[in-house]
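[1] Give me coordinates for this.
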Amino acid sequence: MNGNKLNGTIATEATLRQEGYRKYRGEEIDVYYNASLCVHAGNCVRGNSAIYEVGRRPWIIADNADVNENIRVVNSCPSGALKYVAKDTK
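    The predicted structure is shown next:
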């Protein structure tokens, strides 16, 4: 799954929010989650429990890993419930 696209187009905060995604802010990347799309496959939690921990609030902490690791885990989500928007930090 391509976690930076929504309906074949590069995702933006505005489009993700409009589609019901909740934003989890990070310094270099924001991760978005849509509970209504989640099939609870667990790829996120198994993929990196430092970023995703169900019993914690907030349950997603993007800054607990680098950008590439966040992208890897988001892209492993089979339902599209996870998306990301990487920030230009240059």
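[2] Quick one: classify the residue minimising distance to the centre of the chain as helix, strand or coil.
    Centrality entry for the chain: nearest residue to the mean C-alpha point is Val31, 3.4 Å, by Cα atoms, centre = their mean. Counting by DSSP: H, G, I helix; E, B strand; the rest coil, the backbone at Val31 sits in strand.
[3] got the contact list for it?
    Contact analysis of Val31 by Cβ atoms under 8 Å, 6 or more residues apart in numbering lists 23-24, 51, 60, 62, 70, 74, 82-84. The C-beta positions use only the backbone N, C-alpha and C, and glycine is treated the same way.
[4] How about Glu13?
    Per Cβ under 8 Å, 6+ apart, neighbours of Glu13: 23, 30, 32, 85.
[5] For the residue nearest to Asn2 when sequence neighbours are not counted, grab the count of nearby residues.
    Here the nearest residue to Asn2 in space, its sequence neighbours aside, is Asn75; by Cβ to Cβ, 6 or more residues apart in numbering that works out to 6.7 Å. A count of nearby residues for Asn75, using other Cβ atoms under 10 Å, gives 16.
[6] Run a quick check on Asn75 versus Met1, I expect a contact.
    Yes - applying Cβ atoms under 8 Å, one finds Asn75 in contact with Met1, separated by 5.7 Å.
[7] Pull the residues that contact the lengthiest helix in the chain.
    Residue-count comparison of every helix in the chain, with assignments taken from DSSP state H, identifies helix 67-75 as the longest. The set of residues external to helix 67-75 that reach it, using Cβ under 8 Å, 6+ apart, is 1-4, 26, 28-29, 31, 43-44, 47-48, 51-52, 62, 65, 82-84, 86.
[8] For the residue lying closest to Ala65 once chain neighbours are set aside, give me its contacts.
    For Ala65, the nearest residue in space outside its immediate sequence neighbours is Ile51; the separation is 5.2 Å by Cβ to Cβ, 6+ apart. Contacts of Ile51 were listed using Cβ under 8 Å, 6+ apart, and they are 31, 44, 60-62, 64-65, 69-70, 73.
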